[in-house]
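>>> take a look and give me a structure for this.
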Amino acid sequence: MRILTASDRSLLVEAADLDEAMRLNLAWDGIPGIVERIPGARTVLVRFDPVRTSARDLASVLSATAVDAEHVPHTREVTIPVHYDGEDLAEAASLLGVSADELVSRHLAADWQVAFSGFAPGFGYVVSSDPLFDVPRRSSPRTRVPAGSVALAGAFTGVYPRESPGGWQLIGRTDAVMWDIDRDPPALLAPGTSVRFISVHETVTGSAAQGMPRDVSAMDASGRDMPPHASGVLPPDPMPARPEASIAPLGADADTGESKPAPSIEVVRPSLQLLVQDLGRPGHAALGVSESGAADRTAMRDANRAVGNHRGAAVLESVGGLTLRFHGEGVAVVTGAVGDLSLTDADGDARSIPHGIPFATASGDELTLGHPTHGLRYVIGIRGGIDAASALGSRSSDTLAGLGPAALAAGDVLEVGDAAVAAVDPDPQPRDLPASGDLVELDITLGPRDDWFTAAAIDALTAQEWSVTPRSDRVGIRLQGDVPLERATTGELPSEGAVTGAIQVPPDGQPVLFLPDHPLTGGYPIIGALTDRCLDLAAQLPPGARIRFRIEEGQS
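Just a heads-up that it's a prediction; the model follows:
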């Protein structure tokens, strides 16, 4: 095996092939210091805790681990009905040197098995023994691929669980639900699952014995329909519903004895993106679920300390200005991005609010955040934390995966929890957040795929300035430079794991800097990754900011 640097807190281990990668992933279960393992087509990405182990020590342990000869264990079988009408069907067939009809025929005839999960929850990498299927990705990924799209890339077939960006070749679509958090397991295509694809025009046994086609059901190996929530039309967004706009009672007023409402927050005017965030949901890579969580962890930590919450209490993360109305008494704080902050009481009297300093709120108070002058994302902390719906142990909204509460809209009401555990401890340390046009230096480690690029590309990565484009979100920041990064190695990179802060380079040579909602795996080479201490600053880069990358001392 070959062990490469993937970031200052992760290693990428290369295996000989898919089978060895799967065996290595199983063998490393339980090794101290490992936070998460993300298997890929020929690799395993290993994230570690630098407090518990070092990259050097962990590499020695990984290299010395005995590997079982068993393959990925077989679990169950499912049948996926497909409309073979994808917009890339003809092009994919041409790339493989066959007709569209032959591609479909061989796709239907092959025996498929899910090797691993990644990219997004419910996205299984399904592989067969048919050597035909080795398809290059698109030269530039689509910004939106419809949910249910059946696609090819490399040796794999995948089905997009929900609308998302993607660079795979689309050959068809299915109505089967790939991901349902209330199902066990949530992913229809979990690792080890045997898969049979059928055309919606194919007649099957059972209730279709008289020749009627089954065209919308996902079936298990016996031909039985899957449960209702696992079949039928794929919902456009599998995220839990927004919190109900209701205010629950909480005790009685000390003076009148009358019932008083529980503290809550009403969205009067939402921002460009208003989300609930906490520390995220690490440890679910096997389901294809990334950690997600607050983009600016420093701002979240400062907010919770300021109002007396525990470090993991849920906060609000806002891109741009907004207005919130408070119901009931409480304590709040605004951290992160810097801009004009004001609090207007029920009588219409307004006063300025200092950044990073907690302030008391009363019923009817309205908090208004102006457009940030520095930074991009405000964090609003509330004593008690935001009491929103939880998914896989976290209240974070993962915009790529569709997990956690939906983006908040005008009229939504959020209840305040009881997460406060300590006295307030405001520590408003000044942070040098960028404004549009400012130049920011970010430290990186090279790898794991810097050897896929020319020496001139490595020079261009660090020598030139990169502009933050408006085509950026919590998935990633699309950068623009005068000199695109030129590859030394052409062809397809088998899908492999990626970390927050990874700098992925599509064939057009313009990098994408991954943020917390990035896909777990991808097939474009990663030339480097931000160091952990630079991640929070990256989350505050507004469109128009300029970046210069600096290789961390000790790397060359």
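
>>> okay but Leu89 is in contact with Gly172, surely?
Yes. Using C-beta atoms under 8 Å, Leu89 is in contact with Gly172, at 7.1 Å. To be clear about C-beta, it is placed using only N, CA and C from the backbone, and glycine gets the same treatment.

>>> please, which helix or strand holds Asp19?
helix 18-27 (DSSP states H and E).

>>> and that helix, what does it pack onto?
The contact analysis (3 or more C-beta pairs under 8 Å, 6 or more residues apart in numbering; DSSP states H and E) places helix 18-27 against strand 34-39, strand 43-48, strand 112-117.

>>> return the distance of the first one from the chain's centre.
What it means is strand 34-39. 15 Å (C-alpha atoms, centre = their mean, to the nearest Å).

>>> alpha carbons only: can I get that strand in CSV?
Provided in CSV are the C-alpha atoms of strand 34-39 (Å, rounded to 0.1, in the frame of the first residue of the first chain):
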residue,chain,number,x,y,z
ILE,A,34,-9.1,7.2,14.0
VAL,A,35,-12.1,9.5,13.7
GLU,A,36,-13.6,8.2,10.5
ARG,A,37,-12.8,6.0,7.5
ILE,A,38,-14.1,6.7,4.0
PRO,A,39,-13.5,3.9,1.5
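
>>> pLDDT averaged over it - what is it?
Across strand 34-39, the average pLDDT comes to 93.

>>> neighbouring strands of that strand in the sheet, and parallel or not?
strand 43-48 (antiparallel) (DSSP bridges).

>>> okay, the angle between the partner strand and strand 112-117?
Counting by axes from the mean of the first three to the mean of the last three C-alpha atoms, to 10 degrees, strand 43-48 lies at 30 degrees to strand 112-117.

>>> let me see the mean pLDDT of strand 43-48.
Summarised as a single mean, pLDDT over strand 43-48 is 96.

>>> buried ones in the helix holding Asp19?
Across helix 18-27, burial judged by 16 or more other C-beta atoms under 10 Å covers 18, 20-27.

>>> quick check: mean pLDDT of that helix?
Computed over helix 18-27, the average pLDDT equals 89.

>>> now that helix: how far from the chain's centre is it?
Counting by C-alpha atoms, centre = their mean, helix 18-27 comes out at 24 Å from the chain centroid.

>>> okay, the angle between that helix and strand 34-39?
160 degrees.

>>> please compute how far stretch 85-94 lies from its chain's middle.
For stretch 85-94, the distance to the chain centre is 28 Å (C-alpha atoms, centre = their mean).

>>> how about residues contacting it?
Identification of contacts with stretch 85-94 by C-beta atoms under 8 Å, 6 or more residues apart in numbering yields 99-100, 102-104, 135, 138, 149-152, 169-173.

>>> ok, so of the residues you listed, who is nearest Ala59?
Val135 (33.5 Å; C-beta to C-beta).

>>> rewinding a little: name the nearest of the contacts of stretch 85-94 relative to Thr323.
Set against Thr323, the nearest of those by C-beta to C-beta is Ser149 (38.3 Å).

>>> what's the separation between the nearest residue to the closest one once chain neighbours are set aside and Asp508?
Closest residue to Ser149 apart from its sequence neighbours, by C-beta to C-beta, 6 or more residues apart in numbering: Tyr160 at 4.5 Å. With distances taken as C-beta to C-beta, to the nearest Å, Tyr160 is found 22 Å from Asp508.

>>> if we can go back for a sec, between Leu89 and Gly172, which is the more surrounded one?
Applying other C-beta atoms under 10 Å to Leu89 and Gly172 shows that Gly172 carries more neighbours, namely 26 against 20.

>>> neighbouring contacts of whichever strand or helix holds that one?
Using DSSP H and E, Gly172 sits in strand 169-173. With contact meaning C-beta under 8 Å, 6+ apart, strand 169-173 is reached by 82-89, 91-92, 95, 103-104, 107, 135, 137-138, 145-146, 148-153.

>>> kindly report the same for stretch 343-354.
In contact with stretch 343-354 (C-beta under 8 Å, 6+ apart) are residues 334, 340-342, 359, 361-368, 428.

>>> export the residues you listed as JSON lines, with columns for distance to Leu530 and pLDDT.
Below are those laid out as JSON lines (distance: C-beta to C-beta, whole Å; pLDDT from 0 to 100):
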{"residue": "Val334", "distance to Leu530": "25", "pLDDT": "97"}
{"residue": "Asp340", "distance to Leu530": "30", "pLDDT": "97"}
{"residue": "Leu341", "distance to Leu530": "29", "pLDDT": "98"}
{"residue": "Ser342", "distance to Leu530": "34", "pLDDT": "98"}
{"residue": "Phe359", "distance to Leu530": "33", "pLDDT": "96"}
{"residue": "Thr361", "distance to Leu530": "36", "pLDDT": "97"}
{"residue": "Ala362", "distance to Leu530": "42", "pLDDT": "97"}
{"residue": "Ser363", "distance to Leu530": "43", "pLDDT": "97"}
{"residue": "Gly364", "distance to Leu530": "43", "pLDDT": "97"}
{"residue": "Asp365", "distance to Leu530": "38", "pLDDT": "98"}
{"residue": "Glu366", "distance to Leu530": "37", "pLDDT": "98"}
{"residue": "Leu367", "distance to Leu530": "32", "pLDDT": "98"}
{"residue": "Thr368", "distance to Leu530": "33", "pLDDT": "98"}
{"residue": "Pro428", "distance to Leu530": "25", "pLDDT": "70"}
